[in-house]
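> need coordinates for the following:
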Amino acid sequence: MKKLQLVELGIIATVLIMGYEMVTSLLNLITSLLFGFGAAGRNFMITILPTVLLFAFCTITFFFLAINVTPLARFICRDSDDFLELKLTKPSILHVIIIAVCLISFLQTIPDIIQYLLNKFINAGQVSNEFERIEWRTREINFWNSLIGFIISLLLLITSRRIAFFFGREDESFEIGSEKIESNL
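Down below sits the predicted model:
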């Protein structure tokens with residue numbers, strides 16, 4: 001496999017991830033628009049602004065990368081046609097996929113945890129009844145969901161190699177004549 005081909009595959013994988021994030025943020029934006037108009041007393045545009053910015057960023061990145069895969073790969077490789085010997089096995093591919101999924105979920109949980117902790121420390125000395133009980137409960141649930149997701153993704157990231165080798169191992173088989181015999185080991 002040429003180095004240029006490997007870089008192109010990496011850019012295509014990034015395009016797929018950006019496409020997924022673009023669709024997810026679009027669905028979040030549509031949901032916010034449909035159900036957000038009932039939020040009385042809040043500035044609705046400030047509420048949906050992060051979702052709009054995320055959608056815009058993902059859309060621009062998706063189309064930019066999708067249109068310019070080969071020129072970007074040539075720029076990164078500096079027109080070198082080196083061959084790389086890669087030995088791709090099922091465990092190594094699973095390991096890369098598990099790392100990518102764990103890092104994505106790990107990075108998505110961090111903002112909720114930081115926001116909750118900052119609000120907790122800023123409002124530690126103040127006793128206020130400005131938040132309704134439902135909003136307080138929602139913030140607590142979001143925090144605990146994010147914290148549990150953070151811990152699980154961290155544990156999976158640490159044990160990703162063992163998980164990949166467990167699920168990616170090949171079953172041993174023996175052939176006698178033209179008959180395939182599975183091993184029970």
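> can you list the buried residues in the helix or strand where residue 14 lies?
Using DSSP states H and E, residue 14 falls within helix 3-35. Residues 3-4, 7-8, 11, 14-15, 17-19, 21-22, 25, 28-29, 32 are the ones in helix 3-35 that count as buried (16 or more other C-beta atoms under 10 Å). (Each C-beta comes from the backbone N, C-alpha and C, glycine too.)
> what's the helix or strand harbouring residue 151 packed up against?
Assessed by DSSP H and E, residue 151 sits inside helix 133-158. Where contact means 3 or more C-beta pairs under 8 Å, 6 or more residues apart in numbering; DSSP states H and E, helix 133-158 is packed against helix 90-122.
> what mean pLDDT does the helix it packs on have?
Helix 90-122 carries an average pLDDT of 80.
> again with stretch 137-147
80.
> what does that stretch rub up against?
Stretch 137-147 has contacts (C-beta atoms under 8 Å, 6 or more residues apart in numbering) with 109, 110, 112, 113, 116, 119, 131.
> if you rank those residues by neighbours, which is first?
residue 109 (21 neighbours; other C-beta atoms under 10 Å).
> buried ones in the one helix or strand residue 71 maps to, by neighbour count?
In this structure, residue 71 sits in helix 69-77 according to DSSP H and E. In terms of neighbour count (16+ other C-beta under 10 Å), helix 69-77 has its buried residues at 69, 72, 73, 77.
> is it true that the last one touches residue 7?
So the one you mean is residue 77. Yes: the pair residue 77 and residue 7 qualifies as a contact (C-beta atoms under 8 Å) at a distance of 5.6 Å.
> can you tell me how far residue 116 is from residue 138?
From residue 116 across to residue 138, the span is 11 Å (C-beta to C-beta, to the nearest Å).
> could I get the buried residues of helix 69-77 as a markdown table with pLDDT and distance to residue 167?
Shown next, in a markdown table, are these (pLDDT from 0 to 100; distance: C-beta to C-beta, whole Å):
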| residue | pLDDT | distance to residue 167 |
| --- | --- | --- |
| 69 | 88 | 30 |
| 72 | 87 | 33 |
| 73 | 83 | 31 |
| 77 | 81 | 33 |
